[in-house]
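>>> Sequence and predicted model, in that order:
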Number of protein chains: 2
Amino acid sequence: MNSSWLDAVKWNSDGLAPAIAQEVNTGKVLTLAWMNREALAATVKEGRAVYWSRARRKLWRKGEESGHVQVVKDVRLDCDNDTLLLLVEQQGGIACHTGRERCFHQRLQDGRWVTVEPVIKSEQEIYGKK
Amino acid sequence: MNSSWLDAVKWNSDGLAPAIAQEVNTGKVLTLAWMNREALAATVKEGRAVYWSRARRKLWRKGEESGHVQVVKDVRLDCDNDTLLLLVEQQGGIACHTGRERCFHQRLQDGRWVTVEPVIKSEQEIYGKK
């Protein structure tokens, strides 16, 4: 495949772009993670979300440990060419490493952050005993 | 108001955090912009999205020129405390400076980015003659 579409993305000074994942069935915004050029190419080739882990400094195939794969249905780029939006089917219904449906579970209420979404599976259930 | 909720956000090395805006009625992801501490404080105080413009290096009250204000209904923080999600009512039904409903109007199709959402109002109509 011609790779000019990868060149069209304005990668930041670290070679990264933020990628929002939205659940295509529920419409919920699940996660924001980061991609480099290789991650985006792998995402499109494999049809599942592949991110760049800034902490581990390597490609991270979302769900590789948990099974909570994000199957990619649509890939969007914004008007500035520097942010990606993925429409995904979230396998297992859990996107967050905390075992919640998604990462955006803290709501600002009366001047403090309150966790308003429940844990569906414990981290131990997801990842097993360490 | 106690400001410890502002301290809870893990601002990056530039003092910024990405903020996703999602339309509360349609569920569409509209924009990704950036906030610093002052922008988030102003957003919550004023009930409208206030971002930090990285290009202009100043606070940017979304809609200040276009009238396309984002009225904030809910503010979320992710599990890593480094990304914000705003649920907003998009005034005028246009979030993008190109006059489209939202910024994520380019879809990856057969190895290229295709603009798949229409211009609702021209930039000239929105901003007037320059």
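Arrived safely, thanks for sending.
>>> Would stretch A:20-37 count as contacting chain B?
Yes. Applying Cβ under 8 Å from any Cβ of the partner chain, one finds stretch A:20-37 touching chain B at A:20, A:22, A:27, A:29, A:31-32. No exception for glycine: its C-beta is placed from N, CA and C like everyone else's.
>>> Which PyMOL command selects the buried ones in the residues you listed?
Entered in PyMOL, the line below selects the buried ones among the residues of stretch A:20-37 next to chain B, by 16 or more other Cβ atoms under 10 Å in any protein chain shown:
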select buried, chain A and resi 20+22+29+31+32
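>>> Now render the residues of stretch A:20-37 next to chain B as CSV, adding pLDDT.
Shown next, in CSV, are the residues of stretch A:20-37 next to chain B (pLDDT from 0 to 100):
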residue, pLDDT
A:20, 98
A:22, 98
A:27, 98
A:29, 98
A:31, 98
A:32, 98
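>>> Pick the one among the residues of stretch A:20-37 next to chain B closest to chain B.
Closest approach between the residues of stretch A:20-37 next to chain B and chain B, by Cβ to the nearest Cβ: residue A:27, at 3.5 Å.
>>> so where does that closest one fall, helix or strand?
Using DSSP states H and E, residue A:27 falls within no helix or strand.
>>> Assess the claim that it and residue B:27 are in contact.
Yes. Residue A:27 is within contact range of residue B:27, at 3.5 Å (criterion: Cβ atoms under 8 Å).
>>> burial of residue A:6, as a residue count?
Per other Cβ atoms under 10 Å in any protein chain shown, the neighbour tally for residue A:6 reads 15.
>>> what's the answer for residue A:98, then?
Residues near residue A:98, counting by other Cβ under 10 Å, number 18.
>>> again with the one 5 residues further on
Residues within reach of residue A:103, counting by other Cβ under 10 Å, total 24.
>>> ok so it is a helix residue?
No. Remark: residue A:103 does not belong to a helix; assigned using DSSP: H, G, I helix; E, B strand; the rest coil, it is coil.
>>> Thought residue A:32 was touching it, still the case?
Yes. The criterion here is Cβ under 8 Å, and residue A:103 meets it with residue A:32 at 7.4 Å.
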